[in-house]
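# Structure here, sequence nowhere to be found:
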């Protein structure tokens, strides 16, 4: 586990230095670092649940379901009429990114306020997303923890 953390730190330093030196754009370095973080997190999950691969599948299923719902809601937000959001999303690929960002912020119930639903339809959609994703997350976590307990996971962690 320590070697993995060292490798992630070295990767972050290397890509940060490359971005600072101008050999790679800052955005590209951020994407590479995000990829490293995902790989490290996946590896840590594999190590943590190496005893019970079935449980890991349930966890990944919950994460995948939640992520797909976030993307789906983001695409729906992007397809809403221009006056549905304040400020409106750009009519370009960056607008899709803005809509996905809004969906992630909404699903996480953070609500930064840089984008706001301006129409009743958009407000209803936001409420639906929050409700659905909170329920899916709660049910998913409850299911995973129930499986973990029934497989003797609680006794393994002590």
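Looks like it came in fine. Keep in mind that what you see is a predicted model, and the values were worked out from it rather than measured.
# Show me what the mean pLDDT comes to for the strand or helix carrying residue 69.
Element membership of residue 69 [criterion: DSSP states H and E] is helix 53-79. Averaged across helix 53-79, pLDDT comes to 86.
# After it, heading C-terminal, what element do we hit next?
Moving toward the C-terminus from helix 53-79, the next helix or strand (DSSP H and E) is strand 85-86.
# Next, the buried residues of the helix or strand following that next one.
Scanning the chain past strand 85-86 towards its C-terminal end, the next helix or strand to appear is helix 93-107 (assignment: DSSP H and E). For helix 93-107, the buried set under the neighbour-count rule, 16 or more other Cβ atoms under 10 Å, comprises 96, 98, 99, 100, 101, 102, 103, 105, 106, 107. All C-beta atoms are positioned from the backbone trio N, CA, C, and that covers glycine.
# Off-centre distance for helix 93-107?
The chain centroid and the centroid of helix 93-107 are separated by 12 Å, computed with Cα atoms, centre = their mean, to the nearest Å.
# Contacts for it, please.
Contacting residues not belonging to helix 93-107 are listed as 66, 69-71, 73-75, 77-78, 85, 89-90, 111-112, 115, 126, 129-130, 133 [Cβ atoms under 8 Å, 6 or more residues apart in numbering].
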